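[1] sequence and predicted structure are below.
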Amino acid sequence: MKVIEQVSLMQSIGKDALRPLVFVPTMGALHEGHATLIRHARKLATQNGTVVVSIFLNPKQFNVTKDLELYPRPFAADQLLCQQAGTDLIFHPSVAAMYPSDTSIEIEEKDLSLSLCGASRPGHFKGVVTVLTKLFNIVNPDQVLLGEKDWQQLTIARRLVRDLNFPIEIIPHPTVRESDGLAMSSRNARLSPLERIEASKIYAALKKTRARTIEGESDVSILLASTRRDLEAISNATIDYLEVVDERTLIPLAKVLHGTTPARLLVAVKMGETRLIDNIRLAEKISINFPT
């Protein structure tokens, strides 16, 4: 496994790498959820292809300076995890390498990014879309693996690839969870012991809502009201947003109709000072055809 810091060198290697080249973009502070994605990337690439993991803490997607300052940077541990999971190359550029001092161009998404996390974190998705565009151009992947935990980001990445004509396949990976259901996240380490116990109830609330749809409830206003009650019962939890949307377009839904529109419940909850996101599909398992 090699660590590449220079943008030009990564571009050169990306063009000549053995195919398929499967890419896992990260901001570091890697955990078992990342390891699962990397192992999946290794299977997709096979032993004949190339797995690239980027570790770049992108300052442009932090709208709160304190969050950026508190973000852990355990690069030695990240390297070990990448190596054990089957990574061939780590792309680990500096901020200066990615954003020269006179950088004047950014990429902005003007539809999918306006609600949910985009409403709560102004400028966040401009930073995400800009850095993904740069990474795609630098790494030159055939496939990109993204976790489903940040469903809005996944949806925006698909739109980015479509609208800017990147010859890339975005592959979603199911959310990786702790044994009690909490979605794995680097933010989990910031939870107090009590908050960590209570945080597992977020996914429990989402599963209860899914069960209600399976039992026949389709009215989204009723589903959201019951979910809100379940979340408000969690100690030290504050709801940021709670929505049922068409998972392809992020447009809010009034009804959950099984076998037609794929509905997904998305939530952001603050446990004390730590903001956690999660989601679950409400409609039955169906094939999704994303807009092309």
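    Great, that's in hand. Everything quoted here is computed from the prediction, not taken from an experiment. Numbers count the residues shown, from 1 in each chain.
[2] residue 28 is in contact with residue 74, isn't it?
    Yes - counting by Cβ atoms under 8 Å, residue 28 touches residue 74, with 7.3 Å between them. C-beta coordinates here come from the backbone N, C-alpha and C atoms, glycine included.
[3] for the stretch 151-292 of the chain, which segments count as helices?
    Using DSSP state H, counting those that start in this stretch, the helices of the stretch 151-292 of the chain run over residues 151-163, 193-214, 220-232.
[4] how far off centre is the first one?
    When C-alpha coordinates are averaged (Cα atoms, centre = their mean, to the nearest Å), helix 151-163 and its chain have centres 11 Å apart.
[5] residue nearest the centroid of the protein?
    residue 150 (3.6 Å; Cα atoms, centre = their mean).
[6] residues in contact with that residue?
    Residue 150 makes contacts with 117, 277, as judged by Cβ atoms under 8 Å, 6 or more residues apart in numbering.
[7] state the pLDDT value of it.
    As predicted, residue 150 sits at a pLDDT of 98.
[8] please apply the same query to residue 286.
    Residue 286 carries a pLDDT value of 40.
[9] mind splitting this structure into its structural domains?
    Using automatic domain parsing, the domains assigned to the chain come out as 2-173, 186-281.
[10] got TSV for the ones you listed, with distance to residue 180 too?
    Shown next, in TSV, are the domains of the chain (distance: least, Cβ to Cβ, whole Å):
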stretch	distance to residue 180
domain 2-173	14
domain 186-281	4
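[11] how about those, which one is nearest residue 179?
    Of all the domains of the chain, it is domain 186-281 that lies closest to residue 179, at 9.1 Å by Cβ to Cβ.
[12] so for the closest one, mean pLDDT?
    For domain 186-281, mean pLDDT is 96.
[13] same question, stretch 103-117
    97.
[14] buried sites along it?
    Neighbour-count burial for stretch 103-117, counted by 16 or more other Cβ atoms under 10 Å, picks out 107, 109, 112-113, 115-117.
[15] residue 28 and residue 74: who's more crowded?
    residue 28 (19 against 13; other Cβ atoms under 10 Å).
[16] which residue is the nearest non-sequential neighbour of the more buried one?
    Of all residues not flanking residue 28 in the chain, residue 55 sits nearest, at 4.5 Å (Cβ to Cβ, 6 or more residues apart in numbering).
[17] beta-bridge partners for that neighbour, please?
    residue 26 (DSSP bridges).
[18] contacting residues around it?
    Residue 55 neighbours (Cβ under 8 Å, 6+ apart): 26-28, 30, 75, 78, 82, 90-92.
[19] 7 Å - rerun?
    Taking Cβ atoms under 7 Å, 6 or more residues apart in numbering, we find residue 55 in contact with 26, 28, 75, 78, 90, 92.
[20] model confidence for it, exactly?
    Value for residue 55, per-residue pLDDT: 98.
[21] distance check, it against residue 5.
    Plainly put, residue 55 is 10 Å away from residue 5 if you go by Cβ to Cβ, to the nearest Å.
[22] give me the common contacts of those two.
    residue 92.
[23] neighbours of the closest residue to residue 212 other than its chain neighbours, just the number please.
    Using Cβ to Cβ, 6+ apart and skipping the chain neighbours, the partner closest in space to residue 212 is residue 223 (6.2 Å). Look at residue 223: counted by other Cβ under 10 Å, it has 24 neighbours.
[24] also residue 170?
    Neighbours around residue 170, by other Cβ under 10 Å: 19.
[25] in the sheet, who's paired with it?
    On the basis of DSSP bridges, residue 170 is bridged to residue 144.
[26] that older thread, out of the helices of the stretch 151-292 of the chain, deepest packed?
    helix 151-163 (a mean of 21; mean count of other Cβ atoms under 10 Å).
[27] from the contact counts, what lies against that helix?
    Helix 151-163 is packed against helix 124-139, strand 143-147, strand 169-173, with contacts defined by 3 or more Cβ pairs under 7 Å, 6 or more residues apart in numbering; DSSP states H and E.
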